[in-house]
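**Q** model this:
(one chain, ligands or ions: 1)
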Amino acid sequence: MLIIQLTGLSGAGKTTISSYVKEKLAERSIKVEIVDGDVYRKTLCADLGFSRQDRCENIRRLAKAALAFGDTCDTAIIAAINPFEEVRKELRENYSIKTVWINCAVDILIERDTKGLYKRALLPEDHPDKLHNLTGINDSYDKPLHWDLIINTGSETIEASANVLCKFILENIKNAHQARS
Ligand code: ADP
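**A** Coordinates of the predicted model:
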């Protein structure tokens, strides 16, 4: 099984691209499982907050959840902000997980603001609705130092971005099979 860790700010397109890829590859009988950070925060990771320690633990658990799919799927995609290079490196080195950077400029994300989070993070300090831990605005994000693929979602269509990831998965599944035989 190929495991991919996405990394990118909120609204960059991690969920959108993963869902599109899952659907596209299903047409070719390739089974993709998505380990979506937003979904797992309501279940397996419901006890975790947004401190650095909790964000790291969150990603470690998502990696375990992805690994648990074993050979029941061809590819598992961990779709979470995944902000720290330290943990991304750990996943890469410990489990040979590939890293895909879903990259989009913050000013475009502020404009998109599909979940309304940027608007809340940019409110005055004393506003009751102010969000204090939005990655990239008032919480840290380590720009990736290492990645296997970068997708620039600010400048292309969803379809174009998703096709880049489809191609990457197809190539890497093929390589993984060749390496085994
Ligand atoms: P994330 O999971 O990274 O928080 P989402 O997938 O929930 O982000 O939201 C991404 C938003 O950006 C969606 O509203 C989507 O329609 C839009 N979008 C625009 N262009 C792209 C692109 N090239 N790839 C992915 N999403 C895009």
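
**Q** Enumerate the residues of this structure near the ligand.
**A** 8, 10-17, 112, 114, 153, 156-158, 161 (Cβ under 6 Å from any ligand atom). To be clear about C-beta, it is placed using only N, CA and C from the backbone, and glycine gets the same treatment.

**Q** Emit the PyMOL select command for whichever of those residues are buried.
**A** Listed next is the PyMOL selection for buried residues among the residues of the chain next to the ligand, using 16 or more other Cβ atoms under 10 Å:
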select buried, resi 8+10+11+12+13+14+15+16+17+112+153+161
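
**Q** the strands in this structure, which residues?
**A** Using DSSP state E, the strands of the chain run over residues 2-7, 32-36, 75-79, 98-103, 149-152.

**Q** which helices and strands sit right next to the last one?
**A** The one in question is strand 149-152. On a contact count with 3 or more Cβ pairs under 8 Å, 6 or more residues apart in numbering; DSSP states H and E, strand 149-152 meets strand 98-103, helix 158-180.

**Q** Out of the ones you listed, which gets nearest to Cys73?
**A** helix 158-180 (11.0 Å; Cβ to Cβ).

**Q** and the angle for the closest one with strand 2-7?
**A** 140 degrees (axes from the mean of the first three to the mean of the last three Cα atoms, to 10 degrees).
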